[in-house]
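1. whatever this is, show me its structure:
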Amino acid sequence: MNSQSATQATSSGFTPLRQKTFAILWVATIVGNTGSFIRDVASSWLVTDLSNAPAAVAAVQAAGTLPIFLLAIPAGVLSDILDRRKFLIIIQLLLAAASVCLMFLSAMGLQTITSLIAFTFVGGIGAALMAPTWQAIVPELVPKQDLKGAVALNSLGINISRAIGPAVGGLLLAWFGAAFTYGVDVISYVFVIAALIWWRRAPDADDGLSERFFGAFRAGLRYARASRELHIVLLRAAAFFAFSSSVWALLPLVARNLLGGDAGFYGVLLGSVGAGAIGGALVMPKLRARLDADALLLGSALVTAAVMAGLSFAPPRWAAILALLALGAAWITALTTLNGAAQSILPNWVRGRSLAVYLTVFNGAMTAGSLAWGAVAELAGVPLTLVIGAVGLAATGLIFHLVKLPPGEADLVASNHWPEPLTAAPVEHDRGPVLVEIEYQVDKANRTDFLRALARLSGERRRDGAYGWGVTEDAADPERIVEWFMVESWAEHLRQHRRVSKADADIQQEVRRFHKGADAPVVRHLLSINRPHLGRD
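-> Numbers count the residues shown, from 1 in each chain. Below is the predicted model:
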C-alpha cells in the first residue's frame, strides 16, 4: 500500500473523534437519528394497519423523501448564507413539533393515512433543510485529512441509529402503542438541541460581500452546471438509488406479507440493516486500502441486487435477517463512497448548495423509485417487482462502472492570488453586469495548446461565478487573443476573486505560460452603462 493509501486509511477510521466538538455533535446525531428511526418505523407499520395496498405503503415512504427532492437546493443555499448552528436548532424544533402532532393524533385515535402522509411530509421538510447543512459543517469540525473519515463516521452514526432505532421502535410500538413511540422521538430532539446550543461556532464575517438568497441560488446552480466532476457523482448516484429504492419502498410488505412478520419483526429487519451497516463501516478503511471507489460502488450494487432477488423468494426469517445484514453493509458502502466523492470535489464556499444538488438527485431517485416500484407492485406483485429491481440494479451497476468517479485530490483552498481590480472610483456592489477581458499574446506555434488549456480554464470561470465565457482574436493581429467572461454584478466578481482555488490557480498558470512578453496579460473590467431615460414629446 502506498503512502497516499495509508494516509487515507488512517484518516478514514476513528481519528475525527479526537476533535471534541465533532465527537459531541456526532453522538447527538446518533441520539436524534435513533428517535427519527423510531418515528419512521411506527409510521411505516401504522400505514399497513390502515391499508394493505402497496401504493399507500410506498406513498408514505415517498412522502419522507419528496421534500428533500423539492427543497434540498434552497436548503443548501440557506446553509451557505445563514448561521448553520442557529439554522440547525430551528430545524430540530420543527421536527419535534411534527412528532408532537403524530403523538397527539395517535393518542386520540385520530390517525389516518392522510395524517401519516402529511406529517411524514413535514418530517421530510425538516430532513431536507437539515441534510445539506449538517453535511456542510463537517469541514468546520475536522482537519482536511480527516474529512473522508468524518464522512464515514457520519454514515456509521446513522447506521448505528438504524440498528437501534427500528428495533426499539418496533418493540415500543408492540408494547406501548404509537403515541408512546412518537413521544420517545420527541425526547430525542432535546439532546440534539442541547448539543447545538453547547457548540460555540464562530460567527460568519459580514464584510458587505455576504451572499443573498437568490444570488447565492444562481451561483450554486452555475457551479453545479459547470462542474463535470459533480455530474459524474450525480449520474452514478441516480443510477444506483433509482433501482435500489425498490427494496426500501416495499420492505414493510416484505416483512408482513412475504415473511409473515409483525411490527417487532419489521423492526428487527431494519435493525439488521443498521447492524450490517455498522459492520461495513468498521471494515471500510481496510476496503478502501484495497479497492478504489468504483470497485466499492460496483460491489455494493451487486450485493444489494442479490439481496433483493433473495427476498423475492420469501426465505425463512433467519435467512432474511442475514440478507439484510449484507444489505446494510452494501448500503453504507455506497452511501459513504458517493458522499465522500461529492465532499472531496467541493470548495467550502459552495459546499452546502452542491451537496444539496447531490441530495436532490439522491432523494429524487428514491422518491420516484418508491412511487414507481409501488405502482409496479400493484400490477405485478411484490416478488416480481423485487426481481425486476434487482436485475436493473445489477445491469446499471456494471454499465456505469465504466464512468469513473473523480479522485477528489485537488487542492480547493482559496489561493487569493488575484490582485484587487483597479478602479478610477469606488464601484457599487450591485452594479452590473461586468465584462472581464484578459488579453494574451500567443505565438502561432503554441495556439492549439493554448486554446486547449484555455478550454479547461473556462470551466473554472463558470464554476466560480461567470455566466458567459468566450475567446476572440484580433483580426489585425491573430496572435492577440482575448478571453472574456461575464459576471452578473461587481460584488459577484469580487467574490470570484475569493473563490479561486489553488487547483484553479494551477490551471491559470498553465494558460499564462503561453503568453509571451515580460508583462502579464492585460486585464480589463468593463462595467455596463445604463442608457439615460428617453422622454417622449
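2. so, low pLDDT: which residues of the chain?
-> The model of the chain has pLDDT under 70 over residues 1-13, 48, 51-58, 61, 65, 144, 159, 162-163, 202-209, 531-537.
3. how about the strands in it?
-> For the chain, the strands defined by DSSP state E occupy 434-441, 468-473, 480-487, 522-527.
4. could those be laid out in a markdown table, adding distance to residue 422?
-> For glycine as for every other residue, the C-beta is placed from the backbone atoms N, C-alpha and C. Shown next, in a markdown table, are the strands of the chain (distance: least, Cβ to Cβ, whole Å):
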| stretch | distance to residue 422 |
| --- | --- |
| strand 434-441 | 13 |
| strand 468-473 | 22 |
| strand 480-487 | 16 |
| strand 522-527 | 8 |
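5. so which of these comes closest to residue 40?
-> Minimum separation from residue 40 across the strands of the chain (Cβ to Cβ) falls at strand 480-487, 44.4 Å.
6. show me what that closest one is in contact with.
-> With Cβ atoms under 8 Å, 6 or more residues apart in numbering as the contact definition, strand 480-487 has outside contacts at 432-442, 447, 450, 454, 457-458, 461-462, 465-474, 493, 496.
7. among those, name the buried ones.
-> Buried members of those, scored by 16 or more other Cβ atoms under 10 Å, are 432-436, 438-442, 450, 454, 457-458, 461-462, 465-467, 469, 471, 493, 496.
8. kindly report the domain assignment for this protein.
-> Taking automatic domain parsing as the reference, the chain has its domains at 15-400, 434-527.
9. most tightly packed of these?
-> Highest mean neighbour count of the domains of the chain: domain 15-400, a mean of 21 (counted as mean count of other Cβ atoms under 10 Å).
10. so which of the domains of the chain gets nearest residue 419?
-> domain 434-527 (8.6 Å).
11. which residues touch residue 351?
-> Neighbours of residue 351 in contact, by Cβ under 8 Å, 6+ apart: 80, 135-136, 139, 343.
12. before we move on, the earlier item: okay, the domains of the chain in a markdown table with distance to residue 411 next?
-> Shown next, in a markdown table, are those (distance: least, Cβ to Cβ, whole Å):
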| stretch | distance to residue 411 |
| --- | --- |
| domain 15-400 | 9 |
| domain 434-527 | 4 |
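13. ok so, going back, wait, which of the strands of the chain is closest to residue 226?
-> Among the strands of the chain, the nearest to residue 226 by Cβ to Cβ is strand 468-473 (9.4 Å).
14. among the strands of the chain, which is nearest residue 103?
-> Across the strands of the chain, residue 103 has its closest neighbour in strand 480-487 (50.9 Å, Cβ to Cβ).
15. for residue 425, phi and psi?
-> Main-chain dihedrals, residue 425, degrees, to the nearest 10: phi -150, psi 160.
16. against residue 351, how distant is it?
-> 35 Å (Cβ to Cβ, to the nearest Å).
17. what of residue 179?
-> Applying Cβ to Cβ, the value for residue 179 to residue 351 is 40 Å.
18. leaving out sequence neighbours, find the closest residue to residue 416.
-> Spatial nearest neighbour of residue 416, excluding adjacent residues (Cβ to Cβ, 6 or more residues apart in numbering): residue 498 at 7.0 Å.
19. let me know whether that neighbour touches residue 417 as I believe.
-> No. At 11.0 Å, residue 498 and residue 417 do not qualify as touching, with contact defined as Cβ atoms under 8 Å.
20. show me what contacts the residue lying closest to residue 515 once chain neighbours are set aside?
-> In space, not counting the residues next to it along the chain, residue 515 is nearest to residue 440; the distance is 4.7 Å by Cβ to Cβ, 6+ apart. Residues near residue 440 by Cβ under 8 Å, 6+ apart: 450, 480-483, 511-512, 514-515, 521.
21. okay if I get those residues as CSV plus distance to residue 152?
-> Below are the contacts of residue 440 laid out as CSV (distance: Cβ to Cβ, whole Å):
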residue, distance to residue 152
450, 42
480, 51
481, 46
482, 47
483, 41
511, 37
512, 39
514, 42
515, 44
521, 44
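22. just these now: which is nearest residue 232?
-> Distances from residue 232 to the contacts of residue 440, taken by Cβ to Cβ, are shortest for residue 511, at 24.1 Å.
23. quick check: the closest one vs residue 406, distance?
-> Using Cβ to Cβ, residue 511 is found at 22 Å from residue 406.
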